[in-house]
Every structure is written in C-alpha cells, then in structure tokens.
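In: based on what follows, work out the 3D shape:
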Amino acid sequence: PRAGGEFVAFDQECDKQLKRLVKKDAFEGFTFSIHHNGNADPCGSFPADFESLRKALHSFEHCPSLHNKYNFDALLTHLLSESLSGKTCGPTDLKKPIKRNVLGYCSRGKDFTPVLPDHNRLVRVPSAGTLPCHFHTREGLRISSLEHLMKLMRDTGSSKSCTEGADPETCDASSPALHLYAVPAGRVFMLAPKYVGEVFEMKHVRGGEGKQISLEVMSLSPRVFDVFNFFSKEESKDLVQRALAERSESHRIKRSSTGAQGYNINNKRTSESGFDTHGRTAMMLKKRSFQVLGFDEYIDGHSDGLQILRYNKSTAYTPHMDYIDDPTRQLEHNYDSAGQGGNRYATILLYMSDLEEGDGGETVFAHAWPVNQTEKDRVSIDKAIKEFRESGSAGMAVEEGSWEERMVAQCRSRLAIRPNSARAVLFYSQHPNGEEDRSSLHGGCPVLRGEKWAANLWVWNTIRDGFDGNPKNEHVIAKKQNKPPSNPTPQWEQKEATFQNKGTNPMFDEAELYFAGDTFWAKLGKDDPEVRVNTYEGHVWYLKVGGKIMRTW
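Out: Okay, here's the model as predicted:
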C-alpha cells in the first residue's frame, strides 16, 4: 500500500491477478519447507502467509504475469528471502558468497554459475537484483507458476485431512507442509534420497506401455536408483534391431572407444558400441529421461546420443568415471562443472538382455556395497577372487590374474546390478553443486555366459561439447586464434605412456597401476607385462602396493 492506503494502477492489477489465483484462507495452517537441491533434510521452513505473498508481488516494478515461470521463480525466491531469517538456507560451500542468506544460495556468482540456454530469460529478484532459484517437488516436477503452486498445496492439504470415522491414532491431520526443492540459477535438479529402499513415485512421468515410472534408492553414495517401468520390452527389442541394422561408420556397432577427443581404443574396454541419435524409440527414451531428471522441456544439446552396447562372452569395461577429465583446462570445451563449465552429471542405463545369476555382465559400483548387506558380511577383493577360483568358473571366460578376473571379484563383492530386459538404472556423476562425485566409479562386469545388450544416455548439466552455446575455455580459444596455421600439434593432443616394472625392487613385486586415484588399470608387479596407455597432460597415474600409493606420475 502507498501513503494513505491507496494503490497505484499496477498494484490494483496485481491484486486482481492475485485474488483470481489465490484465496486468502488457502494458506491457513500451511508451512513451506525449503530444501537445498539434492538434500533430503530441509534447511528451513516458514508459515505460508497471504499478505507476505502479496507484499512480495508488490516488490516488482511492474505487475508480472504469474503464469510465466521466470516471474514466478523471482517471486518465490523473494518470498523466501523475506520469510527465512538470517543465514537460513544460505550457501554452505562458497568461501565468498555474494550474500549469506538464501539469495546467495540461489545466485552463486559469475564464477559458479553455468550459463544455460534460458539464462537471458531469468528475472532478477526484486530489490536484490540477484538471480533466482527455480523450484521443484521432491520427485523433480518443476513448479512453473503460482497456479501450479496452489494446486500442489491443495493436493498436499487433501492428503493430510482425516476422513470421517478414521482412527485418530493413525490419522495424521497435522499442519500440512509443502516441500520445495530450491535449485540455484544455472544448476540442474537432482533427486534427494534419504535412505536405501526409499521410493519416488513419478506421477507426472509415463514410461513403457503408459505405466507410471517409479524409482527406488539402491545407494546413497553414489546416488543410484532402480527405475521401474521406464521402457518396455518392445522398445528394448527395437533398440537392438536398429543397432544391428545401422550401417553408417559413425553410428554402427564397432569396438568401443573412450575419451573426449576422437576415436581412442582402450584395452580395458572390450565391448562394442554404436549410437542411435534420432531413431523414434531413442528420441522417446531421451525425452522420457529428461522428465525423470526434472527438466520441464527437452533440449537436445543437454545429452549425447543413446549409446547402444554389446558385450559378448568375456568382454567388459574396467571401472571408470562418466565425468570427463580435463584438470588443466587445455581443451576448448570447459568441463569444470563446479564452476561455469559443463560435464556429464547423470547416466541412465538401459538393459536389453536377461542374464541369470553367475552369468556376469552386471554394472558394478566399485565404491558401493550391496543393498542391505551388513558390514560384517562384506567381502574383500582378494577373498572374492579366491572364491571365484574355487568355484570352478574362473577358467571358462577369464584368465587367472587378469584384470577381467579382478573385475569379476569386484562384481561379486560390491554393488552390482544384474541386467534384465527392459530394466533401467539412474546414477549421478556430480554432486548438486557441480563437483565430480568420485564415488560414482563404475564398470561393466565380464560376461561369463551368453550375450549382453545395453544402452546408456549421458545427460549434461549444460549444453555439451559440439553444440552451440556450450561453455568454453576462452584462453584456449584465444591461444588457438593467435597461433599461425603451420603451428605443430597442440599441447593437449593425446600422448602415449609406457609403464614397466623391471623387477629390481622387491617392494614392487605386487604393484598395481591406477588412474586418477581410484580407477584400477592393470597389474604392474614383477613379471607382469608393460602397460601402454593413451593419456593427456594433466592426467595423474599412481603406482600402488597393498592400496598404498608408492609412486605418482
């Protein structure tokens, strides 16, 4: 209200719009519980209040349309900043945030805010001038308007009411709370699991045969989810048939490669793969993936094509990260997702084959333990290798002492997901703030019997490399532009390294080679063959004995 209690014209229009969408008593007894992105526990809460909402709306210079999601984001962020006290829900991982309260959480500053395709459409928070959060439900549905917020409140309130004759001891008619998951500007939504076995019902997403998709938590670190009803067996068959029929050199099934630049063969990845980028089924699955991940629209540049994989007997892929490593930022694309860059943040795995227990072919997470396994029941890698050899199965597909045998041991002692036709799994490669999640180290277990067909979709937190609008390392571009055309190979080109144990020091008789700290690469003990690898400047290799780092390159 202005002086004398009167409203200027735009204030009157805002009040009319507000009254059309909200009844004054709609907020009575309601609480808003606010969560940081990816965090199951609320960082703060406050009672919903009509007058506070009205005041936040009148803070705009011009009456905004509350059907526009960007206006709504700014409105709700402003409401939070006025309703949460002090540093409540403020940033917890920034040394010098632009603000200590929720505004500093939503607007992380230029150095920590990737520029997404809709960046220029964001509406800054009134009076503060900071970027807003966007808001999602627990299941990832983006809250896009005030009308949508009110519907969610009605649904939450009705689920809390007690029906006539209900048992008062079991009926929960306490003050209803709407849980809002706030995602900073430039960041993407991430699910917030609290315990293994927790279920997320995706009522807003339909999967194979029109069935509702649901997710069950398999691991908290890394965040791994079993995805039910994601795709049908018919869709599974179609992906395999298209892959077998593909003839183009760039997309047909052939020996799998690794790395961010070009086609590079890795002798620790023996599967075959191809890509389905625009097939009808592939496109449906990609769009479905975006809905599950909390996007409210499909943006092709946020994902790779659907990679189709075939593993024949004995083929495998040693534990690795889907996150692409460029520690010294020598490539043109900026992969530093904790800052302004973009990288793979989520992977959805699809299985198109049925493999029985003992057939191998699982996806193993090397840093996670099997679901519901107690600590006393955990098995070491060495014990798993011994049990595998004693089972009589060791010689049928893998050689004793090989990296494949070690992988079988990992698959029988760590969290391993067995392929079933039309099964899907989701896991994250980043933390909510964009930092790489090293616990997501995973691999494809050797197939011991039969054949395994699978597919994976990598989704990025920004536009990916190769698409317009992707984040770039400006210093690399400037360097390339200033170089004469005749300049020799750039310094970030792939190089070959050879590791050899000459057997002169008994300390290294049982040595093993690791990449980037956690990724087992090969045995490098006495009498083991030399190891040749393709690598880049900035990569780090470790020689370990009994898990202890002995040498670093």
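
In: ok, the closest residue to residue 435 other than its chain neighbours - contacts?
Out: Closest residue to residue 435 apart from its sequence neighbours, by C-beta to C-beta, 6 or more residues apart in numbering: residue 338 at 4.5 Å. Yep, even glycine has a C-beta here, placed from its N, CA and C like the rest. Residues in contact with residue 338, defined by C-beta atoms under 8 Å, 6 or more residues apart in numbering, are 112, 433-436.

In: model confidence score at residue 338, please.
Out: Note on residue 338: pLDDT of 97.

In: likewise for residue 174?
Out: 65.

In: doesn't residue 497 fall inside a helix?
Out: No - in this structure, residue 497 is strand, not part of a helix, as judged by DSSP: H, G, I helix; E, B strand; the rest coil.

In: who's in contact with it?
Out: 532-533, 535, 541, 553.

In: which among these count as buried?
Out: Among those, the ones that count as buried by 16 or more other C-beta atoms under 10 Å are 533, 541.

In: so which of the contacts of residue 497 is the closest to residue 415?
Out: The nearest member of the contacts of residue 497 to residue 415, counting by C-beta to C-beta, is residue 541 at 26.1 Å.

In: quick check, that closest one in contact with residue 498.
Out: No - Residue 541 lies out of contact with residue 498 (C-beta atoms under 8 Å); the separation is 11.3 Å.

In: which neighbours do those two have in common?
Out: Common neighbours of residue 541 and residue 498 (C-beta under 8 Å, 6+ apart) are residue 533.

In: quick one on the thing from earlier: quick check: the residue nearest to residue 435 is in a strand.
Out: No - applying three-state DSSP, one finds residue 338 to be coil, outside a strand.

In: where does the chain have its least confident helix or strand?
Out: strand 264-265 (a mean of 43; mean pLDDT, DSSP states H and E).

In: C-terminal to it, what's the next element?
Out: Downstream of strand 264-265, the next assigned helix or strand under DSSP states H and E is strand 272-276.

In: can you show me the CA trace of that next one as PDB?
Out: Provided in PDB are the C-alpha atoms of strand 272-276 (Å, rounded to 0.1, in the frame of the first residue of the first chain):
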ATOM      1  CA  GLU A 272      31.200 -53.000 -28.900                       C
ATOM      2  CA  SER A 273      29.100 -49.900 -29.200                       C
ATOM      3  CA  GLY A 274      27.200 -47.700 -31.600                       C
ATOM      4  CA  PHE A 275      24.900 -44.600 -31.400                       C
ATOM      5  CA  ASP A 276      21.200 -44.100 -32.000                       C
END
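
In: now for the helix or strand that it is followed by, which elements pack on it?
Out: Note on strand 272-276: by DSSP H and E, the next helix or strand toward the C-terminus is helix 280-292. Counting by 3 or more C-beta pairs under 8 Å, 6 or more residues apart in numbering; DSSP states H and E, the packing neighbours recorded for helix 280-292 are strand 199-206, strand 212-219, helix 233-245, strand 306-311, strand 344-351, strand 452-460.

In: and helix 280-292, average pLDDT?
Out: For helix 280-292, the mean confidence score works out to 96.

In: stretch 374-385 now?
Out: Stretch 374-385 comes out at a mean pLDDT of 93.

In: which parts of the host helix or strand of residue 16 are buried?
Out: Assigned by DSSP H and E, residue 16 belongs to helix 9-21. Buried residues in helix 9-21, counted by 16+ other C-beta under 10 Å: 11, 14, 17-18, 21.

In: which stretches in the stretch 101-250 of the chain count as strands?
Out: 134-136, 177-183, 199-206, 212-219, 224-228 (DSSP state E, counting those that start in this stretch).

In: what's around residue 423, how many residues?
Out: Number of residues near residue 423 (other C-beta atoms under 10 Å) recorded here: 21.

In: per-residue pLDDT, it?
Out: Value listed for residue 423 in the pLDDT field: 96.

In: who touches it in this structure?
Out: 226, 350-351, 417.

In: and which of the residues you listed is nearest residue 362?
Out: Using C-beta to C-beta, the contacts of residue 423 come closest to residue 362 at residue 417, 5.6 Å.

In: what sits closest to that closest one if chain neighbours are left out?
Out: residue 363 (4.7 Å).

In: what residues are up against the one you found?
Out: By C-beta under 8 Å, 6+ apart, the contact set of residue 363 is 349, 416-417, 419, 425, 442-445.

In: and which of these is nearest residue 25?
Out: residue 425 (45.0 Å).

In: residues near that closest one, how many?
Out: 23.

In: would you confirm that it belongs to a helix?
Out: No - counting by three-state DSSP, residue 425 falls outside a helix, being strand.

In: now do the contacts for the residue lying closest to it once chain neighbours are set aside.
Out: For residue 425, ignoring the flanking residues on the chain, the nearest one in space by C-beta to C-beta, 6+ apart is residue 349 at 4.5 Å. Residues near residue 349 by C-beta under 8 Å, 6+ apart: 363, 417, 424-427, 454-456.

In: mind giving me the packing neighbours of the helix holding residue 16?
Out: helix 50-57, helix 146-160.

In: for the first one, the distance to its chain's centre please.
Out: What separates the centre of helix 50-57 from the centre of its chain is 35 Å, taken as C-alpha atoms, centre = their mean, to the nearest Å.

In: pull out the buried residues from the next helix or strand after it.
Out: If you walk from helix 50-57 toward the C-terminus, the next helix or strand you reach (DSSP H and E) is helix 69-83. Under the neighbour-count criterion of 16+ other C-beta under 10 Å, helix 69-83 has 69-81, 83 buried.

In: and stretch 419-435, by the same measure?
Out: Buried residues in stretch 419-435, counting neighbours by 16+ other C-beta under 10 Å, are found at 419, 421-434.

In: and that stretch, how far out from the chain middle?
Out: Remark: stretch 419-435 is offset 6 Å from the chain centroid, using C-alpha atoms, centre = their mean.

In: hang on, the earlier thing: in a markdown table, list the contacts of residue 423 along with distance to residue 87.
Out: Output for these, formatted as a markdown table (distance: C-beta to C-beta, whole Å):
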| residue | distance to residue 87 |
| --- | --- |
| 226 | 37 |
| 350 | 43 |
| 351 | 45 |
| 417 | 40 |
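
In: which among those residues gets closest to residue 234?
Out: Using C-beta to C-beta, the contacts of residue 423 come closest to residue 234 at residue 350, 13.2 Å.

In: which one is that closest one nearest to, not counting chain neighbours?
Out: residue 455 is the one closest to residue 350 (C-beta to C-beta, 6+ apart), at 4.3 Å.

In: beta partners of the one you found?
Out: residue 308, residue 350 (DSSP bridges).
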